[in-house]
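**Student:** need the 3D shape of this:
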Amino acid sequence: MKRRRALLAFPILAAGAVVASIATSPARTYVRPACWNDIRGLLPVPHAGTPYALTDFVFASKHVAGPVHYTIATPHIAFDPARRKGKNTAQAVICLGGRGVAARDVIESVRLHEIAADAVPPTEHAVFIAVDGGESYWHARESGEDRMTMLLDELIPYVQRTFDLRVRAAMGWSMGGYGALLAASRRPDLFAAVAVASPALFRDYETMRRQVPDAFDSSIDFVANDLFRVPGGLMGKPLWIACGDADPFAEASRGFAPPRATVVRTIAPGCHDGGFWRNHVAEQTRFIAHALTV
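**Tutor:** A predicted model of the protein is given here:
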């Protein structure tokens, strides 16, 4: 993998909104056909506040071959790094989406920018940072890609320094739900709380091989990154976990409970799709907003 000398970031023009869909392939089949009739979850989310403004950026990483995009959602106004610098430090929430979901779509697909306008107290000055997740499951791979190191060692220090932000929590969906939990297990000092929907957790290697056989390179790789065996910094953390009762990850979501962690758990009708996530994103965001005030 070509190494780059410096970490660069600059705004890029916003792309049109694209609602994320769930990919289906011989390697992974997440959605059961009956789940697509979740009409309520597909309807627009009503909101009273002014939606957060979205600003797109891109940077070069030593741990990812191509450019990494990230989107910053800020209350009411376009994000101006120069104007933001030197103000009271805003609290930031890292947002990780499903497999292959682009940074902006992580936010727009669940309407997080609208929900946050109602859920986050105006005095908190919280911002949300969504990051491209690719398809490598947020851990070091044999290919050389390591998006977790990119996130923890490159992107987070960069945005904290450049935009005068303080990362304090994480949210995630599907593969990004696992990534958010893994990030907090590795760096508990950065994340006061984690809220995830349909996290791609596996109770054992054989289950992983049946459900998503390319999520880990080997049984050794799986064990090294298994949060059931090694929860790390998740112990004692406040966690919010929601999963559909017909989701392939429901059993793992029911059983995930790091020692001394305070887990708010919702297992409700639904599957592994955007409808379920939109139905529960308000509760998810309120949990994070409350954690920021503690």
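
**Student:** now do the contacts for the nearest residue to Leu96 once chain neighbours are set aside.
**Tutor:** Leaving aside its sequence neighbours, Leu96 sits nearest to Gly176 (C-beta to C-beta, 6 or more residues apart in numbering; 3.0 Å). Bear in mind the C-beta positions are built from the backbone N, C-alpha and C, glycine included. Residues counted as contacts of Gly176 (C-beta atoms under 8 Å, 6 or more residues apart in numbering) are 95-98, 101, 106, 133, 138, 196.

**Student:** put together TSV for those residues, with distance to Lys237 and neighbour count on each row.
**Tutor:** TSV is the format used below for the contacts of Gly176 (distance: C-beta to C-beta, whole Å; neighbours: other C-beta atoms under 10 Å):
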residue	distance to Lys237	neighbour count
Cys95	17	27
Leu96	16	30
Gly97	21	28
Gly98	22	27
Val101	25	25
Val106	22	28
Gly133	21	27
Trp138	17	29
Val196	12	28
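
**Student:** strands along the chain, start to end?
**Tutor:** 9-12, 24-25, 28-29, 53-59, 68-74, 90-96, 127-131, 165-173, 193-197, 238-244, 262-268 (DSSP state E).

**Student:** in a markdown table: these, plus mean pLDDT.
**Tutor:** Output for the strands of the chain, formatted as a markdown table (pLDDT from 0 to 100):
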| stretch | mean pLDDT |
| --- | --- |
| strand 9-12 | 42 |
| strand 24-25 | 36 |
| strand 28-29 | 44 |
| strand 53-59 | 94 |
| strand 68-74 | 95 |
| strand 90-96 | 95 |
| strand 127-131 | 97 |
| strand 165-173 | 96 |
| strand 193-197 | 98 |
| strand 238-244 | 97 |
| strand 262-268 | 96 |
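
**Student:** between those, which one is nearest to Gly144?
**Tutor:** Counting by C-beta to C-beta, Gly144 lies closest to strand 68-74 out of these; the figure is 14.6 Å.

**Student:** the residue found closest to Val159 once you drop the neighbours it is linked to in the chain: how many residues sit nearby?
**Tutor:** Spatially, and ignoring its direct neighbours in sequence, Val159 is nearest to Leu165 (5.6 Å; C-beta to C-beta, 6+ apart). Leu165 has 22 neighbouring residues, counting by other C-beta atoms under 10 Å.

**Student:** correct me if wrong: Leu165 contacts Ala90.
**Tutor:** Yes. In this structure, Leu165 is within contact of Ala90 by C-beta atoms under 8 Å, at 5.5 Å.

**Student:** overlap in contacts of these two?
**Tutor:** Shared contacts of Leu165 and Ala90, defined by C-beta under 8 Å, 6+ apart, comprise Val127.

**Student:** still on that earlier bit, among the contacts of Gly176, which two are most distant?
**Tutor:** Among the contacts of Gly176, Val101 and Val196 lie farthest apart (C-beta to C-beta), at 14.3 Å.
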